[in-house]
Structures are given as C-alpha cells and as structure tokens.
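# coords below, sequence missing:
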C-alpha cells in the first residue's frame, strides 16, 4: 500500500466513532444488574435469559434446581403434544371427570362441577391447564401424557435439567404436610379439605420449607429457558401442535404482575407461572419491539418470607431489565 493510502487509513481509524460498548462487557453489566435485583427479595432467585435470534445468554444461578410449582405444566404439555405427534393420542379425545379427579388448588373444574357426567377433550384440558393453571386439568393431562416418568424421560432425551416426579395432587399434599393419603379411588373434595385442616400450622411451615430444598419436580432456570427456546423455534413438535402450544401460552391469564408487570402495555408474552408458598415463578417468551427479536426468560424464586407481591415485583424488574437490554442491543 502507498504511503498516502496508509496515512488515510490511519486517519480513518483515529476519527471513526468507537463503539458505545463491547457486547461482552454489556452482557457482564446486565448480569451484575440481575444479581443486584435478585437481592431485592429475601429468598433465592434464579434467572436465565436467552436472546433467541443471536444466542446471547445471561443467567444467575442458572444451573441450580428450583421448584417449578405450576411451571411443571409446560413440560407436561410438551410431552402431551409429542404423544399427539406420534399418533398415540388425539386432542379430540374425550376424558370423563370423576370426583376423584377434582382436587384442591388453582382452577375452575373443582369449583364448578359437582355432579357426575362431565367430559372434556384433551385439547380443552390443556387449555385450562396452561391458561388458568387448573390443577385438576393438569393431572388429567399428565395421565394422558403417560405420567411423571414419561415427562421426565422426554426431558432427559432433550438433555434438559427438568424432572417431574409427582402429580399436582401429591405435590400440593406434600407442600401442605398431609400424611396418609387414601387410595385415589377414595378421593373427593371434602377428603382433601379434611386432610389439610388436620395439619398443624407448625408442621405445614416445616413441610413448606422442606419443599424448597426438595429435588423433585424441579428445573434449572437454564433448562426451562432452553425448553422455551425450542418451543419458539418449533423444533420439538410438528408445526400444528407447536403453533397451538405457543398460542395457548400467549393466552395465559395468571401472573399479570410478574414478567408482564413492568413491560410496555401491549407487549406480547407467551408464558406460564408457578406459585406455592415461598415460590413465585414465571417463564416465557417476550417479543421485543422494532424487530429486535425474542427473549426466552425464566425467573424462579424460592424460600422468601415476605408477601408474594414483593417477589412478583422482583420478577417484573428483572423482566424489564432484560427487555430493555435486548431492545437496545439487538
């Protein structure tokens, strides 16, 4: 190269505007922000966020197991729909509900149906499970999906740190501290109320604390975020079932103060929440504005003693921080 050309190149490099920040440095700063936000509740917080289009990722306690609570319904739905894709189940299959199928927890089935003669399709049960987090619907979906072992096996096949060990009825019973559960054929709503009322407060609080350290029915934040990434990419399920799962998650009605709590009005979030005493979770896929892409994010909490609203605020602040970062650094 001629001397003049070298001089011009050198001048161009001197006067070129430097980048505002290096991507790696900014991700490090984001991680530190998330670590600080995780300390705003008195419990333990785990976070994992993935910008799907670029693969950039940040996590706090990302490989630590956290109770999923009702977030378990996402892997249940994946396994259920895999059964549909494999021709082992149809979404139109009608499932008859008995009194034994109606048990405590969030939802509508137990509150509305009192008499025999109710049957719902698998598709409607899945909708109830994911949109309003109906626990009775979840256990019926789990049964149709092949049970906890089948869901866990599917997650292992995907190399995900997600395990499903119990149905929702037993998960809640263990959290309450109920002992000596009768055979399923004897289950009914009055029985559950009686068993719960018989647990002393002290024993319930100890059972609750035990549940925070229980390895059963747990996920790492990284694993849940990876699963969400697969759901968005539609590479786990056939196109029709993959689209349906994503759309149902987009209709989720629970946890309005969590991931969505501080995001701009109208932001699209396909998500699922999980709640138990001392546990407030939310995981989903956020659509960023102006073509900035999508973020899969999982926020788990456990062991907090403050009101749930405090943990929900932490979840919302984390989601907004991640949203702002990946919107500005697409």
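The structure has been received and is ready for your questions. No experiment lies behind these values; they were computed from the predicted model shown.
# who touches the host helix or strand of residue 84?
Under the criterion of DSSP states H and E, residue 84 resides in helix 73-85. For helix 73-85, contacts defined as C-beta atoms under 8 Å, 6 or more residues apart in numbering pick out 89-91, 122, 126, 129-130, 133, 138, 141-142, 144-146, 150-151, 154-155, 162, 164, 219, 224, 227-228, 231, 236-238, 241-242, 244-245, 248-249, 272, 283. Placement of C-beta: from N, CA and C, glycine included.
# what does stretch 99-111 give?
Outside stretch 99-111, the residues touching it (C-beta under 8 Å, 6+ apart) are 70, 97, 113, 116, 128, 132-137, 139-140, 168-169, 172, 184-189, 192-193, 196, 254, 275.
# swap in 7 Å and give it another go.
Contacts to stretch 99-111, defined as C-beta atoms under 7 Å, 6 or more residues apart in numbering, come from residues 97, 113, 128, 132-137, 139-140, 168-169, 172, 184-185, 187-189, 192.
# same check on stretch 255-274?
For stretch 255-274, the external contacting residues (C-beta under 7 Å, 6+ apart) are 68-71, 73-74, 130, 133, 246, 249-250, 252, 254, 281-287, 297, 312, 315-317, 319-320, 323.
# all helices of the stretch 1-150 of the chain, in order?
Assigned by DSSP state H, counting those that start in this stretch, the stretch 1-150 of the chain shows helices spanning 3-15, 23-38, 73-85, 109-112, 122-131, 135-145, 148-157.
# for the last one, name the packing helices and strands.
I take that to be helix 148-157. Using 3 or more C-beta pairs under 7 Å, 6 or more residues apart in numbering; DSSP states H and E, the elements in contact with helix 148-157 are helix 73-85.
# what's the angle from the helix it packs on to helix 135-145?
Taking axes from the mean of the first three to the mean of the last three C-alpha atoms, to 10 degrees, one finds helix 73-85 and helix 135-145 inclined to each other by 40 degrees.
# what residues sit buried inside helix 73-85?
Using 16 or more other C-beta atoms under 10 Å as the test for burial, helix 73-85 gives 73, 74, 75, 76, 77, 78, 79, 80, 81, 82, 83, 84.
# same check on stretch 177-194?
Result for stretch 177-194 [16+ other C-beta under 10 Å]: buried residues 177, 178, 187, 192.
# these two touch, right, residue 230 and residue 236?
Yes: in this structure residue 230 lies within contact range of residue 236 using C-beta atoms under 7 Å: 4.6 Å.
# give me the below-cutoff pLDDT ranges for the stretch 51-200 of the chain.
Scanning the stretch 51-200 of the chain for pLDDT under 70 picks out 106, 114-115.
# swap in 90 and give it another go.
Residues of the stretch 51-200 of the chain that meet the criterion pLDDT under 90 lie in 97-118, 180, 184-193.
# if I've got this straight, residue 274 is in a strand?
Yes: counting by DSSP: H, G, I helix; E, B strand; the rest coil, residue 274 falls inside a strand.
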